[in-house]
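A.B. asks: What follows is a protein structure lacking sequence information:
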């Protein structure tokens, strides 16, 4: 994994396709581009934004490599603008004084700018609303503890990290007013594939009557996936569960084992949250109620 | 934290009280014992077995220090025997070929012997049933990944570790036939305090119609707690969330940071699962249906 985050994956896939067109000149163009596209699309199979970008740049590239490149640039700009609009629209859902739970990282580290789930949070804060964010650690890769925490710190928004296991308990105790997550792929019926653990938070949120929102640009919607059943789920290496990396007290990066010697692990990276658990999907065009 | 696990905490608390009586001779006995008891009881406020043991040893100790010690020994033996009976009774709930999800560690590392949640698993395996165990990692302390995984390995029972976030997804995909966890304290109405995350698994299990069992000796029941509201919850240090410890590739124990620099964390160690989510509580006397 070199690139993560729905929007960032999409933008980079667009540039990668454009690069393939630029490099293809003077070769067997069609075969070279087809192979490049297959290679790009096999990197992160769950992320719809990737396929959205490769598709559009492919179509323009058939005219010229230059058009492929300008399409990739347009897609990156579009990603930032859509994420901004998600914030403008989504911040209306956040009451003054709200405590918001978020899972994984769907901020500007995951997009070209703004992010999806965090864009409404940033916009609410910029409007002067007093908000607090509970950040799910998001094991195994810790995108909440490492990335979302860092983003919110840069923005001066108050937050605290919680173990993923604590989310339902906070809801039961009335500590959470709403949940916002991002999405990696959304089926036509409103089922949402997102970081593993999203489903658990959504089930718990419904149990406690807490609105659960998903924020995603329209490029994350997959019209060909009729339901979550049609979304491919990326399983990743067990090493992500069995080992952890981070700096020791001297700042040296270390890799340690956090499981019994010899034990194995199963590491599905995404899950599918059925539409019935989702109060609304915040897009650049408005809020969809699945 | 020097001792963990409901039964082990109880047994040790009994011996600690007996030790206080033995050491008290020739001093202001009453004051010394009262202080010792307060100190013992403040270590792990959620664990009912602790108070069960200090209470009983206290009563015997009023006669003589020797009686306090023999009561502590009796309590330790009783813990092992009750755990064994939980296994004998509980294994009947496990069908041949079942996949079982467990959270945290409630095996013989947590008791004097056998354990609570794992005792039925061991007994089912000894009866020749083919079973598979999904072991929740159990962040932040990783008792599943470190302890339950190790116990099951010793017993030769097939298992794999999963991130806590993956439990609901396995249920949604039909991979889990039943859930068994331990308990730290059970209220009179059947509400169960147990390791943080238990509530989330129980809510998800009900959503998917998967039976959720709690296994605990009667010493875990708190007749004075009318409901979960009356159970004190231990919050632990944020360091358990922000840092992880484990051996690096050379076997040297390292402590690394797994969260953004400067970030804080909230670390409630236990949650309360309402009785309505629990199919049955397996005790040494039989199965209670709350």
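C.D. replies: That came in fine, so what should we check first? Computed from a predicted structure; not experimentally measured.
A.B. asks: how near is residue A:203 to residue B:21?
C.D. replies: Distance of residue A:203 to residue B:21, computed by Cβ to Cβ, to the nearest Å: 50 Å. The C-beta positions use only the backbone N, C-alpha and C, and glycine is treated the same way.
A.B. asks: same thing with residue A:41?
C.D. replies: Counting by Cβ to Cβ, the separation of residue A:41 from residue B:21 is 72 Å.
A.B. asks: who's more crowded, those two?
C.D. replies: Between residue A:41 and residue B:21, residue B:21 has the larger neighbour count (other Cβ atoms under 10 Å in any protein chain shown), namely 26 against 17.
A.B. asks: Do I have it right that the more buried one meets residue B:69?
C.D. replies: Yes - between residue B:21 and residue B:69 there is a contact under Cβ atoms under 8 Å: 7.5 Å.
A.B. asks: Quick one: classify the closest residue to residue A:41 other than its chain neighbours as helix, strand or coil.
C.D. replies: The shortest distance from residue A:41 to any non-neighbouring residue, by Cβ to Cβ, 6 or more residues apart in numbering or on different chains, is to residue A:54 (5.9 Å). Put simply, residue A:54 is helix when judged by DSSP: H, G, I helix; E, B strand; the rest coil.
A.B. asks: ok, residue A:54 touching residue A:12?
C.D. replies: No - look at residue A:54 against residue A:12 with Cβ under 8 Å: they stay out of range, at 10.6 Å.
A.B. asks: list the buried ones in the host helix or strand of residue A:31?
C.D. replies: Secondary structure from DSSP states H and E places residue A:31 in helix A:29-41. Across helix A:29-41, burial judged by 16 or more other Cβ atoms under 10 Å in any protein chain shown covers A:29, A:33, A:36-37, A:40-41.
A.B. asks: So which of those residues sits lowest on pLDDT?
C.D. replies: In terms of pLDDT, the lowest of these is residue A:29, showing 80.
A.B. asks: And for residue A:242, the neighbour number?
C.D. replies: A count of nearby residues for residue A:242, using other Cβ under 10 Å, gives 24.
A.B. asks: how close does the residue nearest to it when sequence neighbours are not counted get to residue B:110?
C.D. replies: For residue A:242, ignoring the flanking residues on the chain, the nearest one in space by Cβ to Cβ, 6+ apart is residue A:259 at 4.6 Å. Taking Cβ to Cβ as the measure, residue A:259 falls 17 Å from residue B:110.
A.B. asks: quick one, which of these two is more surrounded?
C.D. replies: Neighbours per residue, other Cβ under 10 Å: of residue A:259 and residue B:110, the larger number sits with residue B:110, 26 against 23.
A.B. asks: residues touching that one, list them.
C.D. replies: Residues near residue B:110 by Cβ atoms under 8 Å, 6 or more residues apart in numbering or on different chains: B:4-8, B:116, B:147, B:182.
A.B. asks: Kindly report the same for residue A:221.
C.D. replies: With Cβ under 8 Å, 6+ apart, residue A:221 has these contacts: A:48, A:186, A:188.
A.B. asks: cool, and residue A:206?
C.D. replies: Residue A:206 neighbours (Cβ under 8 Å, 6+ apart): A:212, A:276-277.
A.B. asks: Also residue A:158?
C.D. replies: For residue A:158, the contacting residues are A:131-133, A:152, by Cβ under 8 Å, 6+ apart.
A.B. asks: Let me know the closest of the residues you listed to chain B.
C.D. replies: residue A:152 (8.5 Å; Cβ to the nearest Cβ).
A.B. asks: Quick check, that closest one in contact with residue A:133.
C.D. replies: Yes - applying Cβ under 8 Å, one finds residue A:152 in contact with residue A:133, separated by 5.8 Å.
A.B. asks: which residues are common contacts for these two?
C.D. replies: A:121, A:158-159.
A.B. asks: Now secondary structure too, for those, in JSON lines please.
C.D. replies: Below are those laid out as JSON lines (three-state DSSP):
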{"residue": "A:121", "secondary structure": "helix"}
{"residue": "A:158", "secondary structure": "coil"}
{"residue": "A:159", "secondary structure": "strand"}
